[in-house]
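Participant: Model the structure of this input:
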Amino acid sequence: MNGIQITGVIVPVFMMLAGAGIILIWAADIFSGKFSDQGNFFRWREGENLLWPHILAEYLTAAGLFAGAIGLLVYWEYALPVSFVSLGAVIYSAINSSGWVLAVKSRTRYGIPIWITLAGAIASLFFLIC
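Facilitator: Residues are numbered from 1 along each chain as shown. As a prediction, this is how the structure comes out:
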């Protein structure tokens, strides 16, 4: 497999899958009614933290992943910077979320896709830089 296939196809496909995964995981939690006993969206909490800023950041990361991926496919001049920022956000989020996963053993099922995505984001950055 040559570099054009990796950066031109595989990285954008990974980015779209990661973006879709972020959206689907949060949508599953939201629509499952997990937080419905807490009132409206802006009152939802996990522990002492409000959830809406975290969910907003996750959805903005997903939007950046989609924009960067589509940009890479159509050779948009801002595709690389958008991809770098959104992949960096994925790396930050995956590392940050690892603390949440590791704190409670029953959350390991969330950790596996998080760590796969972390590895994919690091590899994608490597291929885009090189």
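Participant: quick one: low-confidence ranges for the protein?
Facilitator: Along the chain, the model assigns pLDDT under 70 to residues 1-7.
Participant: Assign a three-state SS to Gly33, would you?
Facilitator: Judged by DSSP: H, G, I helix; E, B strand; the rest coil, the three-state class of Gly33 is coil.
Participant: ok, now which ones touch it?
Facilitator: Residues near Gly33 by C-beta atoms under 8 Å, 6 or more residues apart in numbering: none. No exception for glycine: its C-beta is placed from N, CA and C like everyone else's.
Participant: From Trp44, how far out is it?
Facilitator: Relative to Trp44, Gly33 is positioned 11 Å away (criterion: C-beta to C-beta, to the nearest Å).
Participant: Over to Pro113?
Facilitator: Remark: distance between Pro113 and Trp44 (C-beta to C-beta) = 22 Å.
Participant: how about the helices in this protein?
Facilitator: For the chain, applying DSSP state H gives helices covering 3-5, 11-31, 52-74, 79-103, 108-129.
Participant: Adding mean neighbour count and distance to Asp37, write those out as CSV.
Facilitator: Compiled in CSV, these are given as follows (neighbours: other C-beta atoms under 10 Å; distance: least, C-beta to C-beta, whole Å):
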stretch, mean neighbour count, distance to Asp37
helix 3-5, 9, 49
helix 11-31, 17, 13
helix 52-74, 18, 16
helix 79-103, 17, 21
helix 108-129, 16, 21
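Participant: could you dump these to TSV with distance to Gly39?
Facilitator: Converted to TSV, the helices of the chain look like this (distance: least, C-beta to C-beta, whole Å):
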stretch	distance to Gly39
helix 3-5	49
helix 11-31	14
helix 52-74	12
helix 79-103	23
helix 108-129	24
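Participant: first vs last residue of stretch 33-53, how far apart are they?
Facilitator: In stretch 33-53, first residue to last residue: 19 Å (C-alpha to C-alpha, to the nearest Å).
Participant: what's near enough to touch Gly21?
Facilitator: Taking C-beta under 8 Å, 6+ apart, we find Gly21 in contact with Pro113, Thr117.
Participant: change the start of the numbering to 31 and stick with it
Facilitator: Okay, residue one is now 31; in that scheme the one you just asked about reads as Gly51.
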